[in-house]
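Student: Following is a predicted model, sequence given first.
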Amino acid sequence: EDQVTQSPEALRLQEGESSSLNCSYTVSGLRGLFWYRQDPGKGPEFLFTLYSAGEEKEKERLKATLTKKESFLHITAPKPEDSATYLCAVQASSNYQLIWGAGTKLIIKP
Amino acid sequence: SAVISQKPSRDICQRGTSLTIQCQVDSQVTMMFWYRQQPGQSLTLIATANQGSEATYESGFVIDKFPISRPNLTFSTLTVSNMSPEDSSIYLCSVDQASYGYTFGSGTRLTVV
């Protein structure tokens, strides 16, 4: 069964304290892995798509990496405005549907 | 990437009534997706709407409860019918933007009292 598990459920960091969020997945053929940011009361905002193991993408303080079993979202020197829920989703090669993880709620304290 | 205008942004409704949510996209798209996000939970796909054909519903969701219209390539509506407090959620529409990923509307926060 296709499945996505995100950890931790919540993460509290001090401003400037770097860390990583994990997205473990099981899928029968990966078409793509997606990272989104969601602020309270808003729809998810697209961050990255990763397609193959070894691929990396960066955007400001965020860097996403992908292996055959998991993806990491590395946050370097975070700021309070990085506080949000980060969602991971995978798309199997057999169909277009996204399988979503439950998210990691990130809180950055000033 | 596409811009999706979703409305209403929030509503408080009486049980037993219906609410129609609208999504307007600023470009033509083949498929539009409707999601539900219950408090503190991740996204659950309700249905996929193609222009000119019946929507495809996921397990646990039925057309009588969540009728969908897709009259053209830029617009879709989702109706939540005969509402109960269990329908209180955020409802989101989404389109596939290929290299831009899936783009989402801002969501409709529904509270049923």
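Tutor: On my side now, so go ahead.

Student: what lines up beside the helix or strand of chain A with the lowest mean pLDDT in the sheet?
Tutor: Across the helices and strands of chain A, mean confidence by mean pLDDT, DSSP states H and E is lowest for strand A:98-100: a mean of 91. Strand A:98-100 has the following sheet partners, assigned by DSSP bridges: strand A:84-92 (antiparallel).

Student: Just checking: what are the partner strands of the helix or strand harbouring residue A:32?
Tutor: In the assignment (DSSP states H and E), residue A:32 maps to strand A:30-38. If you go by DSSP bridges, strand A:30-38 pairs up with strand A:45-50 (antiparallel), strand A:84-92 (antiparallel).

Student: what comes into contact with the first one?
Tutor: When you say that, I think you mean strand A:45-50. Under the contact criterion CB atoms under 8 Å, 6 or more residues apart in numbering or on different chains, strand A:45-50 has outside partners A:32-39, A:56-57, A:59, A:62, A:64-66, A:71, A:73, A:86, B:1, B:97, B:99-104. The C-beta positions use only the backbone N, C-alpha and C, and glycine is treated the same way.

Student: just checking, next helix/strand downstream of it?
Tutor: strand A:56-59.

Student: Return a ChimeraX selection command for the buried portion of the contacts of strand A:45-50.
Tutor: In ChimeraX, this line selects whichever of those come out buried by 16 or more other CB atoms under 10 Å in any protein chain shown:
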select /A:32,33,34,35,36,37,38,62,64,65,66,71,73,86 /B:97,101,102,103,104
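
Student: before we move on, back to that, how far is the least confident helix or strand of chain A from where the chain is centred?
Tutor: Its chain's C-alpha centre and that of strand A:98-100 lie 12 Å apart, by CA atoms, centre = their mean, to the nearest Å.

Student: which residues touch it?
Tutor: Residues outside strand A:98-100 that contact it (CB under 8 Å, 6+ apart) are A:2-4, A:25, A:27, A:34, A:87-92, B:42-45, B:102.

Student: run the last query once more with 6 Å
Tutor: Residues outside strand A:98-100 that contact it (CB atoms under 6 Å, 6 or more residues apart in numbering or on different chains) are A:2, A:4, A:89, A:90, A:91, B:42, B:43.

Student: quick one: which of those residues has the most company?
Tutor: Highest neighbour count within the contacts of strand A:98-100, by other CB atoms under 10 Å in any protein chain shown: residue B:43, with 27 neighbours.

Student: partners of it in the sheet?
Tutor: Here residue B:43 sits in beta bridges with residue B:37, going by DSSP bridges.

Student: Show the pLDDT at the residue nearest in space to the middle of chain B.
Tutor: Centroid-nearest residue in chain B: residue B:34, 3.6 Å away (criterion: CA atoms, centre = their mean). As predicted, residue B:34 sits at a pLDDT of 97.

Student: so which helix or strand takes in it?
Tutor: Using DSSP H and E, residue B:34 sits in strand B:31-37.
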